[in-house]
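> Predicted model follows, preceded by the sequence.
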Amino acid sequence: MEPKTKTESETFYRFQLVQGEINSERKLDKTKTVGMAYMKEGQSTITMRLWTFVEDRFYLLKNKTDSTKYLVMTRELNKSPNPRSKYFWNIVGSGQSDTHAGVIRLEFDLFDKPIYMNLFPEHSATGSALPDPVELESAA
């Protein structure tokens with residue numbers, strides 16, 4: 001069996017991050033797009049980029065005991081000489097899925113307004129070989 005090429009083995013899914021309101025019919029009325037999120041096929045961590053903080057990455061991780069809840073996190077490289085783990089993870093918010101509206105409501109600790117992430121990837125980006133969000137840094 002031949003090893004897969006990078007394009008074959010790294011499929012990414014893209015999700016919109018938006019602001020808006022859930023209406024009386026429990027559907028999201030989107031007011032504006034504020035970023036994008038990416039998930040690598042086979043992974044559970046979602047990488048989020050907010051256009052307000054272009055240089056920063058946020059990570060969305062499912063709660064281990066409740067699949068409708070999420071943690072919004074940042075990470076920083078552990079610079080200790082003999083680190084036990086590669087990163088320090090910081091909780092900066094939380095999320096709750098709303099399957100009826102088709103979104104995850106994200107509450108960041110320092111923002112007054114929620115940000116919503118679509119539960120389903122964009123049709124134009126589904127299964128495409130998007131660049132790894134971390135690799136986007138080195139390309140810029």
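Nice, I can see it.

> all contacts plus neighbour counts: C-alpha atoms, from now on.
OK.

> any idea which helix or strand of this protein has the worst average confidence?
None of the helices or strands of the chain scores lower by mean pLDDT, DSSP states H and E than helix 133-139, at a mean of 47.

> beta partners of residue 77?
Here residue 77 sits in beta bridges with residue 87, going by DSSP bridges.

> hang on, isn't it packed against residue 86?
Yes: contact criterion C-alpha atoms under 8 Å: residue 77 and residue 86 qualify, at 6.1 Å.

> Show me where the chain has its helices.
Counting by DSSP state H, the chain has helices at residues 6-9, 133-139.

> For residue 20, give its distance to residue 44.
According to C-alpha to C-alpha, to the nearest Å, residue 20 stands 26 Å off from residue 44.

> What of residue 96?
In terms of C-alpha to C-alpha, residue 96 sits 16 Å off from residue 44.

> So for the two, which residue has more residues nearby?
residue 96 (19 against 11; other C-alpha atoms under 10 Å).

> so what's that one closest to, chain neighbours aside?
residue 69 (4.7 Å; C-alpha to C-alpha, 6 or more residues apart in numbering).

> May I have the residues that are in contact with the one you found?
With contact set as C-alpha atoms under 8 Å, 6 or more residues apart in numbering, residue 69 has these partners: 62, 63, 94, 95, 96, 97.
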